[in-house]
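> Prediction below, plus the sequence it came from.
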Amino acid sequence: MHDKQLSTEELIAQDVGARTPLGAMAQVITGLALLWSLFQLWIASPLPFIFGLGVFNNTETRSIHLAFALLLAFLAYPAFKKSPRDRVPLLDIALGLVAAASAAYLFIFYQQLALRPGSLTTADMLTACIGIPLLLEATRRVLGPPLAIIALLFLIYSLAGPYMPGLLAHRGVSINALANHQWITTEGVFGIALGVSTSFVFLFVLFGALLDRAGAGHYFIQLAFSMLGHFRGGPAKAAVVASGLTGLISGSSIANVVTTGTFTIPMMKRTGFSAEKAGAVEVASSVNGQIMPPVMGAAAFLMVEYIGMPYVDIIKHAFLPAAISYIALLYIVHLESLKLGLQPIGGHQPKPWLRRLTGFAFGAAMISGLSLAVYYGLGWLKPALGDFALPGIGALLALVYLGLLKIAASVPVLPAEDPDAPLDKLPQTRAVLLSGLHFLLPVVVLVWCLMIERLSPGLSAFWGSVMLVIILLTQRPLLTWLRTDGTHAHGSFMDGVIDLREGLIAGARNMIGIGIATAAAGMIVGAVSQTGVGLVLADLVELLSMGNLLLMLVLTAIFSLVLGMGLPTTANYIVVSSLLVPVIVTLGQQNGLIVPLIAVHLFVFYFGIMADVTPPVGLASFAAAAVSKGDPIKTGIAAFYYSLRTAILPFLFIFNTDLLLIDVDFWHGVLIFIIATTAMLIFAAGSQGFFLVRSRWYENVMLLLVAFTLFRPGFWMDMAHDPYRDIPPAQLAQALGDVEAGSQLRLRIKGEDAVGDAREFSLLLPVPEGDSGEERLQKLGLLTYEEGDKVLVDSVTFASPAAEAGLEFDQQILKVRAPTQRMTKELMWIPGFLLFGLVVWLQRRRRAREA
């Protein structure tokens, strides 16, 4: 597929722009990138409102954002493989300026466009007809042909509706309507996706770039290596943890692979991993960085807009599966180390399990204590200081920063990354930990603003970035001043200015691809909304899946994987969520499964990420193979095998929403975390064919069965005892009076869809407080009447619980199902653990015989 394996440098260049011109044009590109970062910081800050200067609305900021992205795309990315890399041809400069002007058109003529909505002038048409092809060309250059081709096909489909065959036919869209919808309004290119890129994503990518430039990336790698290096397969485990920590702030799989992989992959190879397996471990852990909150490769911010759910809630729902997936990957690496018979580095023996457990408990207690101190301490300070709270907390942060720098100056400087250094000595965890505690301050500021102050993600990232700017400018001279032993000169204030400049430039160059991807994906979303192709796709998927929800989820997963082979994760998520999320929700309702919207969005997102791993196009696998000098296809296959745990999770949380902590209290959440983590470790052992010893085939089957039982105990309990009982629809009020307040009734409804076709679906009706069924029915805002043997909806109060559940006038209630009193589904864990105990006994007996 590739004529030759790309080098690491070429892969990084492809990610941020492969052209490195000399002279004045190099200054122009870096200047534009710097200006773009400063513009994004300005619009995210409160300064425009304080000074009454440079206040832009959403449409204007999206227009300027895309203008920067398009201009930099044409300047930084060559048109073809043979195009010059050391200079920018005049044609590319001209194309970049015209494309930027087309994007800036909405900003320049915003007032005139607002006064004549839908009435296009010749200039409007000309701008759209120039801008759309140039955006497609920029997409081809930056992200490759697939996304550009898919967007072009959707544009052609919009125009060619009347000429399409049967199922795909629609009334068609005129050129004028297409230009208006896609370029002049905020329905297409300048839609929600580009808005998220402008408002949130840029700030978080910039935050990650500044944090890495400050030295946090190297700190995370060294910390992980010092903590885990003495275990079997230590470097591989360090790679998993370091990639997880880097993934907290990075949105790119490839960037994660080449950042941590250049250090961890050679070390994994030297401890006994093959080139392919070393690359696969790095790929599996780096790609998982995108499912780890708070950034999640931009998807978290898109979900905020698409679902209408607070950002903090999305983080809460996404955290548990991500954490479980990382823990399971650590265990998979451990099993691989056992298979290969690897020994700890330098003959170090790991500490006894009791000491390890004590150390872990002490660390957890210390972190919890610090968290509580910060939470309650600042919570007390704010009302105590009143109007002076902001300067007071700022002064406290400054004192903490100076204190942490003093601690950092008292320990040796971290060694430079050298994958060829001998592996006979590990860095001291205490010294490494103390050397970079100040890097945690921006993360604390970010999390505080998000979780406690409940600021917007963009403003939270802005304050986190402000803290980082202070660190970048001051840490070098302060560390030099505070280091009394004179063993190391950290640099001057001007070195910090250079670090800040390079971080701002890196952040902007990392954003070119995301900005272009969200704009191009906006064309696809615009075509879906303009043509109604989503309904066609719903019919097609329903036809292929024959109404079977599980088969439909498998088809959706395959579609996400195939589409993701050519699209970046963000664009893939935008496209698949626009096309298939409504289909899954609708078919779920028709099959009696009420699927929460967040679960479906996470489902398509997880499989979009898997495409970065999947051969033959898994770009992260090619990046890892470039570092490991292994075969990229074999690396991709091994990485996919390691990532099976990530692939199984979405199916599980669709059917068991407890995993997403939906309607779960704290202690139940803790229990779910423990059981789900145990289940995933057992699944990893079953899929890897190794537990205490190499497993027999029937032991693997038993382990997978145990994992399924722990993940979804309700499957077996539903077979033993139906969780609902049928009640005649005429007795709806009586049923509401009989069940507990706070529970839910399941209703089977016959009504019409958006185009007037008859359909049947299920919905959950919440049971409110009330002394009688009639009172509860009234609180729901629902009035029914009987017509013969039918029960019909007479009226639904606007914005009532009944309306929010999906009930509408003239729908027929076919069936009412009320919850029954039954044993808790978690009792099925007992036979699961008994079966697991049998496997343990069989394997321990065999291990004793083999010894």
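Arrived safely, thanks for sending.

> For this protein, name the helix or strand with the lowest mean pLDDT.
helix 8-16 (a mean of 51; mean pLDDT, DSSP states H and E).

> Residues in contact with the next helix or strand after it: which ones?
Where DSSP states H and E defines the elements, the next helix or strand beyond helix 8-16 is helix 24-44. Applying Cβ atoms under 8 Å, 6 or more residues apart in numbering, the contact partners of helix 24-44 are 17, 19-21, 48, 54, 56, 61, 64-65, 68, 71-72, 75-76, 87-88, 198-199, 202-203, 206, 458-459, 461-462, 465, 501, 504-505, 507-509, 511. Placement of C-beta: from N, CA and C, glycine included.

> do stretch 108-126 as well
Counting by Cβ under 8 Å, 6+ apart, 57, 59-60, 63, 106, 128, 175-176, 179-180, 184-185 sit against stretch 108-126.

> how about a cut-off of 6 Å?
60, 176, 179-180, 184 (Cβ atoms under 6 Å, 6 or more residues apart in numbering).

> Give me the distance between that stretch and the centre of its chain.
36 Å (Cα atoms, centre = their mean, to the nearest Å).

> mean confidence for that stretch?
If you average the pLDDT over stretch 108-126, you get 87.

> Stretch 284-304 now?
pLDDT averaged over stretch 284-304 gives 75.

> which ones are touching residue 66?
103, 519.

> cutoff 10 Å now
Contact analysis of residue 66 by Cβ atoms under 10 Å, 6 or more residues apart in numbering lists 99-100, 102-104, 106-107, 131, 135, 138, 189-190, 194, 197-198, 515-516, 518-519, 522.

> Those residues in strands, which ones?
If you go by DSSP state E, the contacts of residue 66 have nothing in strands.

> just to revisit the earlier point, in PyMOL, select just the buried ones from the contacts of stretch 108-126.
Restricted to buried positions by 16 or more other Cβ atoms under 10 Å, the PyMOL selection for those reads:
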select buried, resi 60+179+180+184
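
> And the contacts of stretch 108-126, which two are furthest apart?
Maximum pairwise distance in these, criterion Cβ to Cβ, is 23.9 Å, between 60 and 176.

> backbone phi and psi for residue 790, please?
Per-residue torsions, residue 790: phi -100, psi 150 (degrees, to the nearest 10).

> That one and residue 813 touch, don't they?
Yes. Using Cβ atoms under 10 Å as the test, residue 790 is close enough to residue 813 to be in contact (8.4 Å).

> Now the common contact residues for those two.
729-730, 750.

> before we move on, back to that, with neighbour numbers in mind, choose between residue 790 and residue 813.
residue 813 (22 against 13; other Cβ atoms under 10 Å).

> what are the phi and psi angles of the more buried one?
Dihedral angles for residue 813 - degrees, to the nearest 10 - are phi -90, psi 110.

> Now for it: which residues touch it?
728-730, 732, 747-751, 765, 782, 784, 790-793, 807.

> Could you rerun that using 8 Å?
729, 732, 747-749, 784, 791-793.

> Residue 742 too?
766-767.

> Tell me which helix or strand it sits in.
Going by DSSP H and E, residue 742 is not in any helix or strand.

> for the one 5 residues further on, same thing?
Secondary structure assigned from DSSP H and E places residue 747 in strand 744-752.

> partner strands of that strand, parallel or antiparallel?
In the sheet, strand 744-752 lines up against strand 758-766 (antiparallel), strand 812-819 (antiparallel) (DSSP bridges).

> Moving C-terminal from the longest one, which element do we reach first?
Put plainly, it is strand 758-766. Past strand 758-766, the next helix or strand by DSSP H and E is helix 773-780.
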